[in-house]
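Enquirer: Build me a model from this:
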Amino acid sequence: MTAPAVKIAPSILAADFSRLGEEVRAAEASGADRIHVDVMDGHFVPNLSMGPAIAQAVKRSCGLPVETHLMVTNADRFIEPFAKAGSDTLIVHVESDFHLDRTLREIRALGCRPAVCLNPATPVWTLEEVLPLVDLVLVMTVNPGFGGQKYLESTEAKVRALRRLIDQRGLRVEIEVDGGIDPQTAPRAVTAGADVLVAGTAVFGAPGGAAEGMRRLQASIAGLGPCAG
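Expert: Residues are numbered from 1 along each chain as shown. From the prediction side, this is the model:
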């Protein structure tokens, strides 16, 4: 039986913004499945990055779906602007949203795929009530806020637990991982149950550029597919 294809979502956080369109198109030409946009407000995480104009520029630069990861304290303020900018998926954090059910339903009503994110210290059980409302769960494999961090192996247990929960409920929900993903850690995350890999430095910061970074990442997971651990 052929293993399900694992998707790769290059994060533009590590891209050269002086030639962003070129970087995104190189990732697309090399087999990327979607482009990941990290939005930080300087409050929820100690960094500041990217507004709707960046998401719109990415959308115009390629034919891939754009997913926007809202690392912000009040996601409800950002949902509509990023939906209008062309985001196909909007990812909000369990830890920052007081009315998560309402927020996820609003994302769907705006025509986007609703998704939710868990920080490394947040347990899987916090998703039990909203899991049927989402198309994707993003598990942070580093603490959010900065690129280039070291992959936290301890988060693999969370990915495995989430894979079991989704499978037991018969839901069609993707598991995405983000943080420290490279050719060494990608196989571990996929074996734990990840369907989608977010990679920034490993793609855009690779020697040889995005095409070579994509090639190395793809080679590292060739033949692997998500499985319950």
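Enquirer: so where do the strands sit in this protein?
Expert: 7-10, 35-41, 48-49, 66-71, 89-93, 113-118, 136-140, 174-178, 196-199 (DSSP state E).
Enquirer: Would you quantify the distance from the closest residue to Ser61 other than its chain neighbours to Ser11?
Expert: The shortest distance from Ser61 to any residue that is not its chain neighbour, by CB to CB, 6 or more residues apart in numbering, is 3.9 Å, and that residue is Gly21. Just so you know, the C-beta spots here come from the backbone N, C-alpha and C atoms, and that holds for glycine as well. Applying CB to CB, to the nearest Å, the value for Gly21 to Ser11 is 16 Å.
Enquirer: who's more crowded, these two?
Expert: In terms of neighbours (other CB atoms under 10 Å), Ser11 is the more surrounded of Gly21 and Ser11; the figures are 24 against 13.
Enquirer: so the more buried one makes contact with Val198?
Expert: Yes: between Ser11 and Val198 there is a contact under CB atoms under 8 Å: 5.3 Å.
Enquirer: Now do the shared contacts for the two.
Expert: With contacts taken as CB atoms under 8 Å, 6 or more residues apart in numbering, Ser11 and Val198 have His36, Asp178 as neighbours in common.
Enquirer: gap between the closest residue to Asn119 other than its chain neighbours and Ile181?
Expert: In space, and not counting its chain neighbours, Asn119 is closest to Met140: 5.2 Å by CB to CB, 6+ apart. Note on Met140: its distance to Ile181, by CB to CB, is 11 Å.
Enquirer: Same check on Ala85?
Expert: Distance, Ala85 to Ile181, using CB to CB: 25 Å.
Enquirer: what's the answer for Val66, then?
Expert: With the distance defined as CB to CB, Val66 ends up 19 Å from Ile181.
Enquirer: likewise Val159?
Expert: 12 Å.
Enquirer: Can you pull out the low-pLDDT segments for the chain?
Expert: Low-confidence regions of the chain, defined by pLDDT under 70, span residues 1-4, 225-229.
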